[in-house]
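Undergrad: Next comes the sequence, and after it the predicted model I'd like to discuss.
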Amino acid sequence: MHRNSIIEINQKAYQNNLAFLKKMLGKKVIFSSVVKGNAYGHGIKEFVTMAYQNGVNHFSVFDVEEAKIVFETLGNNATIMIMGFVADDDLHWVIENEIQFFVFERYRLASATKTAKKLKRKAKIHIEIETGMNRTGFAKRELANLSKYLIKESKHLDFVGICTHYAGAESISNYMRVESQIKKFNEAIEIFKFYRIEPKIKHTACSAASMMFPETQMDLVRIGILQYGLWPSPEVLVTYLNTKKKKIDPLQRVISWKSEIMNVKRVKSGEFIGYGTSYMAKENMKIATIPLGYSHGYSRSLSNQGRVLIDGKRCAVIGTINMNMLTIDVSEIDHIKKGDEVVIIGNQGDLSITVASFGEINNVLNYEFLSRISKTIPRKIIE
Ligand SMILES: *Cc1c(COP(=O)(O)O)cnc(C)c1O
């Protein structure tokens with residue numbers, strides 16, 4: 001574990017977001033908390049512990065590694081659904097522990113049947129349908145045979161769900177494509193019905209789809225970014241606000257990232273600061289280093305661009321971001337010393353640094369920035 005910084009997870013903010021989502025979602029819709037990418041940087045173990053204490057008991061992950069962390073943390077109390085990769089060697093563990101998983105190829109269907117038979121357990125599968133994203137999923141022409149197979153192997157395969165994923169529901173520019181995906185998904189359901197086989201649940205929506213296309217909520221929603229208090233895109237926020245009298249963001253950011261000053265020094269006018277010549281002091285300056293760099297997820301492309309909060313003031317990152325350190329201009333701050341708090345994401349005094357601000361400077365989506373925050377930084381839940 002690093003001592004260089006801390007990620008704080010704000011439970012009150014999370015409760016606020018859950019309450020908002022509950023209101024937005026239909027009453028019977030199952031809420032699946034998407035915790036891939038180390039719970040979008042929040043720390044998967046700490047995050048699922050907190051979510052579970054607040055009544056969430058369904059979690060979606062990308063792969064077996066993440067499923068194992070959720071399983072070790074919550075045991076059989078939670079439903080775990082793998083939306084992505086299951087290596088052949090892991091199938092045994094997955095089925096044995098009743099972990100649910102997406103199936104998008106015949107090969108996996110056959111290997112799941114075989115393993116389930118051996119274990120005398122049913123494999124809990126979600127059939128993923130190709131509706132236009134063109135990533136993973138069964139094509140329409142495969143569904144007739146698939147239906148027959150599922151009926152034939154129903155002793156070994158538990159047909160829990162049918163699902164798909166939209167190719168960019170967060171942007172109006174993809175409107176037609178998403179509409180066509182919804183249509184194709186409904187056609188797929190009809191094919192299964194025709195063969196008299198029905199999954200327990202249907203699910204398609206991520207955060208953006210559940211807001212922009214409420215009909216996609218169906219029986220379960222897979223919500224990532226919104227539960228963390230962030231919007232999939234500015235468009236989704238604006239679309240939501242347009243339906244409301246009060247134009248206030250109903251969500252609260254859950255994450256804060258804080259570090260401390262490790263050194264303060266003075267630099268004379270005309271000197272270069274850090275590697276190379278990307279920053280020259282134009283006057284006598286006071287600078288501070290903090291023990292964070294690109295290896296911790298503070299992107300090098302924020303060199304000479306990033307901002308942090310120190311002493312309630314916004315301060316500029318100067319010079320290139322190093323692997324483990326970065327340098328801040330603190331000329332304007334009178335009393336500054338080693339150990340003083342530095343806010344990377346979060347509030348200090350009246351100011352705040354948002355996650356979205358990283359996206360604006362750097363053209364990185366909320367998602368990418370968050371998921372790159374090093375796993376080795378400690379996470380702490382605060383009230
Ligand atoms: C990541 C992911 C989600 C959640 O997306 P958000 O935009 O964060 O809500 C839902 N479904 C699938 C298949 C995903 O990969």
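TA: Received it, and whenever you're ready, just let me know what you need.
Undergrad: Going by residue numbers, what spans are strands in the stretch 251-383 of the chain?
TA: Listed in chain order, the strands of the stretch 251-383 of the chain (DSSP state E, counting those that start in this stretch) span 255-260, 263-267, 285-290, 307-310, 313-318, 326-329, 341-348, 351-353, 379-382.
Undergrad: Among those, which comes closest to Lys117?
TA: Lys117 lies closest to strand 379-382 among those, at 40.6 Å (C-beta to C-beta). Backbone N, C-alpha and C define where each C-beta goes, glycine included.
Undergrad: what sits up against that closest one?
TA: Residues outside strand 379-382 that contact it (C-beta atoms under 8 Å, 6 or more residues apart in numbering): 6-11, 42-43, 45-47, 49-50.
Undergrad: who does that strand pair up with?
TA: Applying DSSP bridges, strand 379-382 is found paired with strand 5-10 (parallel).
Undergrad: The following helix or strand past the partner strand: which residues count as buried?
TA: Sequence order places helix 11-24 as the next helix or strand after strand 5-10, per DSSP states H and E. Going by neighbour count (16 or more other C-beta atoms under 10 Å), the buried part of helix 11-24 is 11, 13-18, 20-21, 24.
Undergrad: send the alpha carbons of helix 11-24 over as CSV?
TA: Only the C-alpha atoms of helix 11-24 are listed here, as CSV (Å, rounded to 0.1, in the frame of the first residue of the first chain):
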residue,chain,number,x,y,z
GLN,A,11,-21.0,7.0,1.9
LYS,A,12,-23.5,9.9,2.3
ALA,A,13,-23.0,10.8,-1.4
TYR,A,14,-23.5,7.2,-2.4
GLN,A,15,-26.8,7.0,-0.4
ASN,A,16,-27.9,10.2,-2.1
ASN,A,17,-27.1,8.7,-5.5
LEU,A,18,-28.9,5.4,-4.7
ALA,A,19,-32.0,7.3,-3.6
PHE,A,20,-32.0,9.2,-6.9
LEU,A,21,-31.6,6.1,-8.9
LYS,A,22,-34.3,4.3,-7.1
LYS,A,23,-36.7,7.1,-7.9
MET,A,24,-35.6,7.1,-11.6
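Undergrad: Name the next helix or strand downstream of that helix, please.
TA: strand 30-34.
Undergrad: of the contacts of strand 379-382, closest to the ligand?
TA: Checking those against the ligand with C-beta to the nearest ligand atom, the nearest one is His42 at 12.1 Å.
Undergrad: Need the pLDDT of the closest one.
TA: In this model, His42 is scored at 98, pLDDT.
Undergrad: before we move on, the earlier item: now, among the buried residues of helix 11-24, which is nearest to His2?
TA: Nearest to His2 among those is Gln11, at 22.6 Å by C-beta to C-beta.
Undergrad: I'd assumed Phe47 was in contact with that closest one.
TA: No: assessed by C-beta atoms under 8 Å, Gln11 is found out of contact with Phe47, at 10.4 Å.
Undergrad: wait, Gly161 sits on Ile127?
TA: Yes: if you go by C-beta under 8 Å, Gly161 and Ile127 touch, sitting 7.3 Å apart.
Undergrad: These two - which one has more neighbours?
TA: Neighbour totals were compared for Gly161 and Ile127, and Ile127 leads with 24 against 21 (other C-beta atoms under 10 Å).
Undergrad: Give me the nearest residue to that one, chain neighbours excluded.
TA: Leaving aside its chain neighbours, Ile127 sits nearest to Ile162 (5.1 Å; criterion: C-beta to C-beta, 6 or more residues apart in numbering).
Undergrad: Let me know which of the strands of the stretch 251-383 of the chain is tucked in deepest.
TA: Neighbour counts (mean count of other C-beta atoms under 10 Å) averaged over each of the strands of the stretch 251-383 of the chain peak at strand 326-329, with a mean of 24.
Undergrad: just the buried residues of helix 11-24: which has the poorest pLDDT?
TA: Among those, Met24 has the weakest pLDDT, 94.
Undergrad: Any idea which residue of the protein lies closest to the ligand?
TA: Gly224 (2.3 Å).
Undergrad: beta partners for the closest residue to that residue other than its chain neighbours?
TA: In this structure, Gly224 finds its nearest non-sequential neighbour in Val34, 3.5 Å apart by C-beta to C-beta, 6+ apart. Beta bridges link Val34 to Ser60, judged by DSSP bridges.
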